[in-house]
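Colleague: Following is a predicted model, sequence given first.
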Amino acid sequence: MMQQPVTRGYSASQIALHWLIVVMVLFQLIFGESMSHSVRAARRGTALDPSDATLATLHIWVGFAILAAVAIRLVLRLRFGAPPLPPSSALLGTLARLTHIAFYVLLVAVPVTGILAYWFIPSLGDVHELGKPAFIVLIALHAAAALWHQLWLRDGLLLRMLKPGS
């Protein structure tokens, strides 16, 4: 097994990619329904509203961008590692690791199933759409945990994604 480097905090690149991915995922969650409208219109042979057509095209390109950003982020994670978790119970540490693994799985699986559904295997569209509620649950858990660390525990965990090396 490869030993990860020990680091005090995330690098500026890791932080920038984190927030870029956050913005892109939120865009997908908010405007992703346009892709569903596009697919339904294509099946019915009806015209698509121009704004839905634009948003559907953006949905595809943002999905590719997410996949690329996640690949870069994984490379940086392997190169620079991640700071250790603050002291806590074994259960909380395990939940934190599982949540991050789930994020990475979704950040790869959802764009890949979207690509496959759009161009090759339309039935994967249903699997792709399951990503939305999964992302919403994980984002809520992740944000709640970050706020709990910042406001209740006051252990500075949130600073790791705001200031390099913190």
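Modeller: Nice, I can see it.

Colleague: Name the surrounding residues that touch whichever strand or helix holds residue 40.
Modeller: Following DSSP states H and E, one finds residue 40 within helix 33-44. Residues from elsewhere that reach helix 33-44 (C-beta atoms under 8 Å, 6 or more residues apart in numbering): 47-49, 51-56, 59-60, 114, 125, 129. (Each C-beta comes from the backbone N, C-alpha and C, glycine too.)

Colleague: By neighbour count, which bits of that helix are buried? Give me those.
Modeller: Neighbour-count burial for helix 33-44 flags 34-35, 37-39, 41 (criterion: 16 or more other C-beta atoms under 10 Å).

Colleague: Let me see the backbone angles for residue 162.
Modeller: Residue 162 adopts backbone torsions of phi -120, psi -30, taken as degrees, to the nearest 10.

Colleague: And for it, nearest residue in space, chain neighbours not counted?
Modeller: Nearest non-adjacent residue to residue 162, counting by C-beta to C-beta, 6 or more residues apart in numbering: residue 15, 7.2 Å away.

Colleague: Lowest-scoring secondary structure element of this structure by mean pLDDT?
Modeller: helix 33-44 (a mean of 88; mean pLDDT, DSSP states H and E).

Colleague: Quick one: name whatever helix or strand follows that helix.
Modeller: Assigned by DSSP H and E, the successor of helix 33-44 is helix 50-80.

Colleague: In this structure, where is pLDDT below threshold?
Modeller: Along the chain, the model assigns pLDDT under 70 to residues 1-7, 166.

Colleague: name the helices or strands packed onto the helix or strand where residue 143 lies?
Modeller: According to DSSP H and E, residue 143 maps onto helix 131-147. Here helix 131-147 touches helix 12-31, helix 90-119, going by 3 or more C-beta pairs under 8 Å, 6 or more residues apart in numbering; DSSP states H and E.
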